[in-house]
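coords please:
(one chain, ligands or ions: 1)
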Amino acid sequence: MSRVWIVSACLLGQRCRYDGEAAKDSARARLALLDDETIVSVCPEVEGGLPSPRPAAECEGGDGHAVLEGRAKVRTLEGLDVTGAFVKGAARASEIARLHNATHACLKARSPSCGVGATWVDRKVRDGDGVAAARLRRDGLIVVDDEHLESFLAHEAGR
Ligand code: SF4
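Predicted structure coming up:
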């Protein structure tokens, strides 16, 4: 039986990025590795009520876990506080994952919502999860970014 994966909508061709585009073809092509799995498309930032295009944003003062704990914020590069929309979008992603019994998530690398293990914090890519990735990880999903999907699946197959 196939497993259920939450997948960043921009990796599936949805034009939901901050710049109004989908993820690049090279990133989208990686999703062919999940052809035998059940895919549920989610864009946490759009789920949080943000439009596309929208101003680019990043975490400030800590990663997505710190944002969820109220110890950090998410701001646009112009300084507008969009923490509430990011936290709401992460909660919506969590709810969608639960409704679909998702066990895994493949998310777009380095995004302030979707980044897994590395995300934009204080104008640099630093260790940590984006806000939605942090939420899904805390829910118990196995989260991996698109750039590590192939090695993750290879590792799993070799077990
Ligand atoms: Fe893609 Fe995630 Fe950004 Fe939405 S929030 S555009 S799914 S990286």
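
buried stuff in the biggest helix by length in the chain?
As assigned by DSSP state H, the longest helix anywhere in the chain is helix 83-99. If you call a residue buried by 16 or more other CB atoms under 10 Å, then helix 83-99 has these buried ones: 83, 85-94, 96-97. Glycine gets a C-beta too; all of them are placed from N, C-alpha and C.

from the residues you listed, which is closest to the ligand?
Proximity of the buried residues of helix 83-99 to the ligand (CB to the nearest ligand atom) peaks at Gly89, which lies at 7.1 Å.

For the closest one, which residues are in contact?
Neighbouring residues of Gly89 by CB atoms under 8 Å, 6 or more residues apart in numbering: Cys43, Pro44, Glu45, Val46, Glu47, Gly48, Gly49, Leu50, Ser113, Val131, Ala132.

State the helix or strand in which Arg135 lies.
helix 131-138 (DSSP states H and E).

Tell me which residues are up against the strand or helix carrying Cys106.
Assigned by DSSP H and E, Cys106 belongs to strand 104-107. If you take CB under 8 Å, 6+ apart as the criterion, strand 104-107 is touched by 3-8, 11, 31, 34, 37, 97, 114-116, 130, 132-133, 136, 141-146, 149.

switch to 7 Å and redo it
3, 5-8, 34, 114, 116, 133, 136, 141-146, 149 (CB atoms under 7 Å, 6 or more residues apart in numbering).

C-terminal to it, what's the next element?
Following strand 104-107 in sequence, per DSSP H and E, is strand 118-121.

Just the CA trace of that next one, in CSV.
Provided in CSV are the C-alpha atoms of strand 118-121 (Å, rounded to 0.1, in the frame of the first residue of the first chain):
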residue,chain,number,x,y,z
ALA,A,118,18.1,24.5,6.9
THR,A,119,16.1,27.7,6.5
TRP,A,120,16.4,31.4,6.2
VAL,A,121,17.0,33.0,9.6
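
Need the mean per-residue confidence for it.
Averaging pLDDT along strand 118-121 gives 98.

Establish whether the very next helix or strand once past it and the ligand are in contact.
Next helix or strand after strand 118-121 toward the C-terminus (DSSP H and E): strand 124-127. No. Strand 124-127 does not reach the ligand (CB under 6 Å from any ligand atom); its nearest approach is 13.7 Å.
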